[in-house]
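K.L.:
Could you look at this predicted model? Sequence included:
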Amino acid sequence: MRSAFEKDKERFYKTFKLMVELTNKMQDKEKVDEVFEICLKYLLDTKDDIEIEEMEKVAKEESVERGELIMSIAEKLREEGIKKGIEKGKLEERKEFTIKLLSKKFGVNLTEELKEKIRNADEKTINYIGDNLLEITLDELKDILE
């Protein structure tokens, strides 16, 4: 995995090609695919400048199967990214809705500082505030957001 820190793209792809060659020599296909997927996810998480299409091309030179596996993994990662984006968007909407309701409840006493703390709060905190919206006092809100 040292190649994840390789600065030179050409050397990185050569090292990646070697990884593909080595995994092709392994016997247990299921285990190979599992190891290959773990390595690929690690590389994609740690390197911002690699291109999945280039990795697919390098892998296909050694093994069509590996190239197809790369694209399958890439598609899964894209879908996961889309799901995470949707979830994050929903949380942001809930935060803004919470601010809107608390603004109606507390008026000018809900300061910009408190609004910003709500925007930066985690999902658990937002859920707690939402569940207790009718009963919560301004002091309790401040304590929760500290």
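P.N.:
Alright, I've got the coordinates.

K.L.:
Buried residues of stretch 26-41, list them for me.
P.N.:
Within stretch 26-41, the residues that count as buried by 16 or more other Cβ atoms under 10 Å are 32-33, 36, 39-40. The way it works is simple: take the backbone N, C-alpha and C, and place the C-beta from them, glycine included.

K.L.:
where does Leu102 sit relative to Lys57, distance-wise?
P.N.:
Distance of Leu102 to Lys57, computed by Cβ to Cβ, to the nearest Å: 53 Å.

K.L.:
ok, the two, which is more surrounded?
P.N.:
More neighbours surround Leu102 than the other of Leu102 and Lys57, with 20 against 13 (other Cβ atoms under 10 Å).

K.L.:
Roughly how far does that one sit from Leu133?
P.N.:
7 Å.

K.L.:
Same question for Ser72.
P.N.:
44 Å.

K.L.:
Kindly report the same for Glu34.
P.N.:
Relative to Leu133, Glu34 is positioned 46 Å away (Cβ to Cβ).

K.L.:
can you count the residues close to Lys142?
P.N.:
13.

K.L.:
what's the answer for Thr98, then?
P.N.:
20.

K.L.:
I'd like the buried residues of stretch 26-41 as CSV, with distance to Asp143, pLDDT and secondary structure appended.
P.N.:
Below are the buried residues of stretch 26-41 laid out as CSV (distance: Cβ to Cβ, whole Å; pLDDT from 0 to 100; DSSP: H, G, I helix; E, B strand; the rest coil):
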residue, distance to Asp143, pLDDT, secondary structure
Val32, 53, 75, helix
Asp33, 50, 78, helix
Phe36, 49, 75, helix
Cys39, 46, 76, helix
Leu40, 45, 75, helix
